[in-house]
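Enquirer: coords please:
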Amino acid sequence: AGAPPEGAAPPAEGASAQGKPVDAARVAAQFVHQYYTVMANNPSELHRFHGAQSLLSHGSAAAAPEVPHQGIPAAVAEQGYRGVTPAIETLAAQRGSGGGVLVLVAGTLRWPRGEPRRFTQTFFLAKQGEKGFFVLNDILRLEPAPGAPAGEPQARAAGGAEAPAAGQQQQQQQQQQQQQ
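Expert: Below you'll find the predicted structure:
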């Protein structure tokens, strides 16, 4: 499946012109299927789910800075999602403010040369007129790799070596400067 049009998530099925409430579970299920298919097959297109006001934060707790829209393609590329196999274990959704949908996903991501990593991801799908939704907020947290201390950055897809993300490097530099 290809990526959705720029800034578009699934159409607002369950919402009508009369303003009936959105079927949050149905919108979430359609969105999650599209999003994780793109993540596995063409992660460079994940930014197309986001809009101009979107924020993204992907990674481990210690290395997941908030990134505005213009930085989303680079932030996603840094995660090395190409070839990842997602396994969704939990999907929950609620109607949210302004006709949006709050989505919670939990499961595992398996990189081609690595152990599966448990993750939790939360999205806020903001209403986008009659076009459907776009991802306003996107937070993904990876649990530490088996045997790694809490707060370790995720394994890189290209070889599985641990590498600190830019956000963690900045945080370490700031801590060192404060200690001096």
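Enquirer: show me where this protein has helices.
Expert: Secondary structure of the chain (DSSP state H): helices located at 24-41, 72-79, 166-179.
Enquirer: mean pLDDT lowest for which of those helices?
Expert: Ranked on mean pLDDT, the bottom entry among those is helix 166-179, at a mean of 42.
Enquirer: Would you mind measuring from P144 to G59?
Expert: According to C-beta to C-beta, to the nearest Å, P144 stands 12 Å off from G59. To be clear about C-beta, it is placed using only N, CA and C from the backbone, and glycine gets the same treatment.
Enquirer: no no, E66
Expert: Computed with C-beta to C-beta, the distance linking E66 and G59 is 11 Å.
Enquirer: Grab the nearest non-local neighbour of I88.
Expert: The shortest distance from I88 to any residue other than its chain neighbours is 4.4 Å, reached at G107 (C-beta to C-beta, 6 or more residues apart in numbering).
Enquirer: Let me see the contact set for that neighbour.
Expert: G107 makes contacts with P86, A87, I88, E89, T90, R118, F119, as judged by C-beta atoms under 8 Å, 6 or more residues apart in numbering.
Enquirer: what's the closest of those to Q53?
Expert: Taking C-beta to C-beta as the measure, Q53 lies nearest F119 of the contacts of G107, at 24.3 Å.
Enquirer: Check the burial of the closest one by counting its neighbours.
Expert: Using other C-beta atoms under 10 Å, F119 is surrounded by 21 other residues.
Enquirer: That one pairs with what?
Expert: Beta-bridge pairing for F119 (DSSP bridges): G107, L142.
Enquirer: Now do R113, the pLDDT please.
Expert: According to the prediction, R113 has pLDDT 87.
Enquirer: For E66 and G59, work out which one has more neighbours and name it.
Expert: G59 (21 against 12).
Enquirer: Give me the distance between that one and F119.
Expert: According to C-beta to C-beta, G59 stands 10 Å off from F119.
Enquirer: Show me the shaky parts of this protein.
Expert: Where the chain drops to pLDDT under 70, the residues are 1-19, 148-180.
Enquirer: And the strands in it, which stretches?
Expert: Applying DSSP state E to the chain gives strands spanning 50-59, 67-68, 85-95, 101-110, 116-128, 132-142.
Enquirer: Next, format the ones you listed as JSON lines and append distance to N41.
Expert: Below are the strands of the chain laid out as JSON lines (distance: least, C-beta to C-beta, whole Å):
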{"stretch": "strand 50-59", "distance to N41": "17"}
{"stretch": "strand 67-68", "distance to N41": "22"}
{"stretch": "strand 85-95", "distance to N41": "11"}
{"stretch": "strand 101-110", "distance to N41": "14"}
{"stretch": "strand 116-128", "distance to N41": "17"}
{"stretch": "strand 132-142", "distance to N41": "17"}
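Enquirer: Please name whichever of those strands is nearest to P21.
Expert: Nearest of the strands of the chain (C-beta to C-beta): strand 85-95, 5.8 Å.
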